[in-house]
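J.: below is the sequence, then the predicted model.
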Amino acid sequence: MTKHAYIRHEERMIRVPDIIHVLKTGYEEKKKSSYDEKHNTWKCAIRGKTMIDDLDVRIIVSFDETGMLIITVMYIGSR
């Protein structure tokens, strides 16, 4: 998890177990995924529901030689 993602998950009160759940059970939002020329990598948007509250969450991830990086996490719509 990047520093930005860590700060955002705390600010937005998105629990780590929910992040993991969305990554395992969510789907790619192709319209929100993009190529990052600056870092020469794809940013993939994964969308899914939290386990308990059933709220929509989007997680932006990218991949490098060490593995997957969580870039940011956010709720979709109103909470």
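T.: Arrived safely, thanks for sending. Numbering: from 1, shown residues only.

J.: send me the one helix or strand residue 47 maps to as CSV with only the CA atoms.
T.: Secondary-structure element containing residue 47, defined by DSSP states H and E: strand 41-49. Taking C-alpha atoms only, strand 41-49 is exported to CSV below (Å, rounded to 0.1, in the frame of the first residue of the first chain):
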residue,chain,number,x,y,z
THR,A,41,2.7,1.0,-15.8
TRP,A,42,-1.1,0.3,-15.9
LYS,A,43,-3.3,1.6,-13.2
CYS,A,44,-6.3,-0.7,-12.8
ALA,A,45,-9.5,0.3,-11.1
ILE,A,46,-11.1,-2.5,-9.1
ARG,A,47,-14.7,-2.0,-7.9
GLY,A,48,-16.7,-4.0,-5.4
LYS,A,49,-18.7,-4.0,-2.2
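
J.: from the contact counts, what lies against the helix or strand just after it?
T.: Scanning forward in sequence from strand 41-49, with DSSP H and E defining helices and strands, the next element found is strand 56-64. Helices and strands touching strand 56-64, by 3 or more CB pairs under 8 Å, 6 or more residues apart in numbering; DSSP states H and E, are helix 16-25, strand 41-49, strand 67-75. Placement of C-beta: from N, CA and C, glycine included.

J.: pairing partners for the helix or strand just after the first one, with directions?
T.: Secondary structure here is assigned by DSSP H and E; on that basis, the next helix or strand after helix 16-25 toward the C-terminus is strand 27-28. In the sheet containing strand 27-28, the strands it pairs with under DSSP bridges are strand 41-49 (antiparallel).
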